[in-house]
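**Q** Following is a predicted model, sequence given first.
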Amino acid sequence: AAARLARHREARRLLLVFSDGCPMDAATRQANPPGYLENHLIEVIDDLADAGAVAVGGVGVGLALGELYRDRIDVDLDGGARRPAIGSIVSLLAQLSRR
């Protein structure tokens, strides 16, 4: 998604990733050391942020994203309060667009 977005000519390119958990692939986990997928995700996100061509933000849906994304929010949709979640997402987009 980031590679496709980087080809656009717009001055600002924002990638907002919604996630309900860490990357999961049983075969990859079995063939590699613990934390391999999580470390790769962090490396890719950091590389994108350092390159500056695409601003990346994370929205954790029902979980805390911890340190995976530099710009992130966590939303809990089970509580029924959808409007605060939407407001938080809009705020994150505004934050990313200022970069």
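**A** Happy to help now that I have it.
**Q** what sits against the spatially most central residue of the chain?
**A** Closest to where the C-alpha atoms of the chain average out (C-alpha atoms, centre = their mean) is residue 58, at 2.8 Å. Taking C-beta atoms under 8 Å, 6 or more residues apart in numbering as the criterion, residue 58 is in contact with 16-19, 45, 65, 68-69, 71-73. Yep, even glycine has a C-beta here, placed from its N, CA and C like the rest.
**Q** Any regions of this protein where pLDDT drops low?
**A** Applying pLDDT under 70 to the chain flags residues 22-23, 79-83.
**Q** where do the strands sit along it?
**A** Taking DSSP state E to define them, one finds strands in the chain at 14-19, 55-61, 71-75.
**Q** Which of the ones you listed sits closest to residue 97?
**A** Closest to residue 97 of these, according to C-beta to C-beta: strand 14-19, at 6.3 Å.
**Q** could you give the angle of that closest one to strand 71-75?
**A** Note on geometry: by axes from the mean of the first three to the mean of the last three C-alpha atoms, to 10 degrees, strand 14-19 and strand 71-75 are set 40 degrees apart in direction.
**Q** now for strand 14-19, which elements pack on it?
**A** Applying 3 or more C-beta pairs under 8 Å, 6 or more residues apart in numbering; DSSP states H and E, one finds that strand 14-19 contacts strand 55-61, helix 82-97.
**Q** looking at these, which is buried most?
**A** strand 55-61 (a mean of 21; mean count of other C-beta atoms under 10 Å).
**Q** what are the pairing partners of it, and which direction each?
**A** With DSSP bridges as the test, strand 55-61 is paired with strand 14-19 (parallel), strand 71-75 (parallel).
**Q** what does the longest one rub up against?
**A** It refers to strand 14-19. For strand 14-19, the external contacting residues (C-beta under 8 Å, 6+ apart) are 1-2, 5, 48, 54-61, 63, 65, 69, 89, 92-93, 96-97.
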